[in-house]
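Novice: 3D model of this:
(2 chains)
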Amino acid sequence: MRSLQLSHFEPQHLHRIKDCYDILLFKKDAYLYYEHQIPHSGIILLEGELITYRRKKEIDRLPPGSFIGHQEIIQERPSAFAVKIQAGSKVIMIDKSTIRSELEKLKKYCS
Amino acid sequence: MTPRRNSHELECDKCDALQCGVFSNIVGDDLASISTCKVTNLYKKGQTLFFQGNPPYGLYCISDGTVKVSKIGNDGKESIVRMAKGGDLIGHRSLFTEDYYTATATALEDSTICFIDKKFIFKAVETKPAIAISIINKLSRDLGAAEKKVASLFQKNVRERLAELLLCLKESYGKKGEDGSWEIGIKLTREEMASMIGVANETLIRFMTEFKDEEIITQKGKTIYVINEDKLIDFADLYY
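Specialist: Predicted coordinates:
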């Protein structure tokens, strides 16, 4: 089974990230993306909970600091998991435009 | 229209809905830039794009399929406020007002839908006038349709509203049969249709039966066929 591509930010790093991006509050439970979909954005969870599902079964509950979805966007590969956000959760969305522009900057340093 | 098997790789210039959509006047590098920044996914029937009350972070462009945009009232009742199909944008209004979504969008059938993030859209609106004009055009048409619907709810009776709805569904999803009748290719429940014209289920059933008795429409299972379009146009009182 393909594992969830998950990164994690320590609290001290989250403080710095919060200053750079808009924070979104989800008032309702919602699927951010479904199984076999490419996520719209990388998602950094600041408060609350993200729940991952596979074949409609709950797999894991992700705590604040979790960063998911970015690898699938970079690799343009669908997720093996559905991800649901719990009501009251706060996240930062790192959208595809931002990921692409940061990767372009990094390429300049590599070439 | 059957959604593509590998929907993730859809380029804008290959999209079947391009010519009838919001970005139909966008060409060349502008269109290519949308292609590179969008994320395309297949939404299965019943899957939700966004929920009423949650924050927007981009907008959705439908390549093919059908999406219903509905509001849940305080009593928990759902009212469909709009149906969107290939070429339509959804989620754009909340994005530009920077407010929470005021409705929920759900796929009514398997649909291929592209997500374009907020950063790209706002930058495109600032730097590419053609995209800005397309979106303004779309917003203006949406406003016109909403005003028309409000007027219809106040000024038309149930028969007229139902006739207008059936004509609208026939225009958007109709397939002409060999016998001259129009098969409405989207299957809606009675509750959904009733909510679209602001009536109770029982009232909808009564008027649908009346239309069937007058041989204006017929129904096989959930599929509605428009038999007498002229009579439906008369009933709809389109030119009031």
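
Novice: buried stuff in stretch B:181-199?
Specialist: B:181-182, B:184-186, B:188, B:192-197, B:199 (16 or more other C-beta atoms under 10 Å in any protein chain shown). For glycine as for every other residue, the C-beta is placed from the backbone atoms N, C-alpha and C.

Novice: quick one: the helices in chain B, in order.
Specialist: B:28-37, B:92-97, B:118-127, B:129-155, B:158-173, B:190-197, B:201-213, B:229-236 (DSSP state H).

Novice: for chain B, which residue gets nearest to chain A?
Specialist: Nearest residue of chain B to chain A, counting by C-beta to the nearest C-beta: B:Asp117, 3.6 Å away.

Novice: how about the residues of chain A that lie near chain B?
Specialist: Proximity of chain A to chain B is confined to A:24-31, A:33-34, A:36-41, A:73, A:76, A:78, A:93, A:95-98, A:100 under the rule C-beta under 8 Å from any C-beta of the partner chain.

Novice: what's near enough to touch B:Lys44?
Specialist: By C-beta atoms under 8 Å, 6 or more residues apart in numbering or on different chains, the residues touching B:Lys44 are A:Tyr34, B:Ala107, B:Asp110.

Novice: near chain A, which residues of chain B?
Specialist: For chain B, the residues in contact with chain A (C-beta under 8 Å from any C-beta) are B:8, B:36-44, B:47-48, B:50-55, B:57-58, B:100, B:115, B:117-120, B:123.

Novice: beta partners for the residue positioned nearest the centre of chain B?
Specialist: By C-alpha atoms, centre = their mean, chain B has its centre lying nearest to B:Ala84, at 1.7 Å. Per DSSP bridges, the residues bridged to B:Ala84 are B:Val67.

Novice: contacts only, for it.
Specialist: Going by C-beta under 8 Å, 6+ apart, the list of residues near B:Ala84 reads B:Ile62, B:Thr66, B:Val67, B:Lys68, B:Val69, B:Ile90, B:Ala105.

Novice: now those in a markdown table, with pLDDT and neighbour count?
Specialist: Below are the contacts of B:Ala84 laid out as a markdown table (pLDDT from 0 to 100; neighbours: other C-beta atoms under 10 Å in any protein chain shown):
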| residue | pLDDT | neighbour count |
| --- | --- | --- |
| B:Ile62 | 94 | 26 |
| B:Thr66 | 93 | 24 |
| B:Val67 | 95 | 25 |
| B:Lys68 | 95 | 22 |
| B:Val69 | 95 | 22 |
| B:Ile90 | 94 | 22 |
| B:Ala105 | 97 | 23 |
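
Novice: show me where chain A has its strands.
Specialist: A:6-8, A:24-26, A:30-33, A:41-47, A:50-54, A:57-62, A:66-68, A:82-85, A:89-95 (DSSP state E).

Novice: CSV for those, including distance to A:Lys18, mean pLDDT and mean neighbour count?
Specialist: Formatted as CSV, these follow (distance: least, C-beta to C-beta, whole Å; pLDDT from 0 to 100; neighbours: other C-beta atoms under 10 Å in any protein chain shown):
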stretch, distance to A:Lys18, mean pLDDT, mean neighbour count
strand A:6-8, 16, 78, 14
strand A:24-26, 12, 97, 18
strand A:30-33, 19, 96, 22
strand A:41-47, 7, 94, 22
strand A:50-54, 17, 96, 18
strand A:57-62, 18, 95, 14
strand A:66-68, 13, 93, 22
strand A:82-85, 17, 97, 22
strand A:89-95, 7, 95, 22
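
Novice: what's the longest helix in chain A?
Specialist: Across chain A, the longest stretch assigned as helix under DSSP H is helix A:96-110.

Novice: other SSEs contacting that one?
Specialist: The contact analysis (3 or more C-beta pairs under 8 Å, 6 or more residues apart in numbering or on different chains; DSSP states H and E) places helix A:96-110 against helix A:70-75, helix B:28-37, helix B:118-127.

Novice: weakest of the ones you listed by average pLDDT?
Specialist: Among the helices and strands packed on helix A:96-110, helix B:28-37 carries the lowest mean pLDDT, at a mean of 86.

Novice: for that one, buried residues please.
Specialist: Judged by neighbour count using 16+ other C-beta under 10 Å, the buried positions of helix B:28-37 are B:Asp30, B:Leu31, B:Ser33, B:Ile34, B:Cys37.

Novice: mind putting those into a markdown table with distance to A:Gln12?
Specialist: Listed next are those as a markdown table, based on distance: C-beta to C-beta, whole Å:
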| residue | distance to A:Gln12 |
| --- | --- |
| B:Asp30 | 42 |
| B:Leu31 | 43 |
| B:Ser33 | 37 |
| B:Ile34 | 38 |
| B:Cys37 | 32 |
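
Novice: and the residue nearest the centre of chain A?
Specialist: Centrality entry for chain A: nearest residue to the mean C-alpha point is A:Ile43, 2.3 Å, by C-alpha atoms, centre = their mean.
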